[in-house]
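Peer 1: Give me a model of this one.
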Amino acid sequence: MPSNALSFAGTGATYAQTITVTDTVSTTSLAVGAGTCGTGGSAIATFGTPSGSGTSFTIVVTPANAGSCSASVSDGHGSSIAVTAAVNSGSVSLTGAGRH
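Peer 2: Residues are numbered from 1 along each chain as shown. Model prediction:
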């Protein structure tokens, strides 16, 4: 399985992306390892439970906090894929002179 990279412009469900994972061997399920993406409130990105069967699965990835991380998706046959995520906070800061 090849490596994949995701990029998010902001955080929260509005910016979630669905990835499709295809396997060359039919399998009943996939497992997601959080890796450096973390879990809970400090997670950079959260990975939903894979849905599908056979050779095609989808996983919803939701950006939670700014940063970069890597997670793994594996099947029961010893194959795995690394998924990297780069999350931008989506906030913009403006600095300028005030009007007098």
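
Peer 1: Check the contact between P63 and A45; I expect there is one.
Peer 2: Yes: P63 lies in contact with A45 (CB atoms under 8 Å); the separation is 5.2 Å. Bear in mind the C-beta positions are built from the backbone N, C-alpha and C, glycine included.

Peer 1: Find residues that contact each of the two.
Peer 2: F8, A85, V87 (CB atoms under 8 Å, 6 or more residues apart in numbering).

Peer 1: Can you pull the phi/psi pair for N88?
Peer 2: Backbone dihedrals for N88, given as degrees, to the nearest 10, come out at phi -90, psi 140.

Peer 1: got it, and A16?
Peer 2: Here is the backbone geometry of A16 (degrees, to the nearest 10): phi -60, psi 150.

Peer 1: quick one: contacts for it?
Peer 2: Counting by CB under 8 Å, 6+ apart, A16 has contacts V60, V61, T62, P63.

Peer 1: cool, and A66?
Peer 2: When contacts are counted by CB under 8 Å, 6+ apart, A66 touches T11, I44, V87, N88, S89.

Peer 1: again, only using 7 Å
Peer 2: Listed by CB atoms under 7 Å, 6 or more residues apart in numbering, the contact set of A66 reads V87, N88, S89.

Peer 1: same question for the lengthiest strand in the chain, mean pLDDT?
Peer 2: For the chain, the strand reaching the highest residue count under DSSP state E is reported as strand 51-63. Mean pLDDT, strand 51-63: 94.

Peer 1: Relative to Q17, how far out is the nearest residue to V87 once chain neighbours are set aside?
Peer 2: Leaving aside its sequence neighbours, V87 sits nearest to P63 (CB to CB, 6 or more residues apart in numbering; 4.1 Å). Going from P63 to Q17 by CB to CB, to the nearest Å gives 8 Å.

Peer 1: Looking only at neighbour counts, state which of these two leads.
Peer 2: Of the pair P63 and Q17, P63 is the one with more neighbours under other CB atoms under 10 Å, namely 30 against 14.

Peer 1: A43 is in contact with the more buried one, correct?
Peer 2: No: P63 is not in contact with A43 according to CB atoms under 7 Å; the separation is 9.3 Å.

Peer 1: Could you tell me which residues make contact with S89?
Peer 2: Contacts of S89 (CB under 7 Å, 6+ apart): T11, A66.
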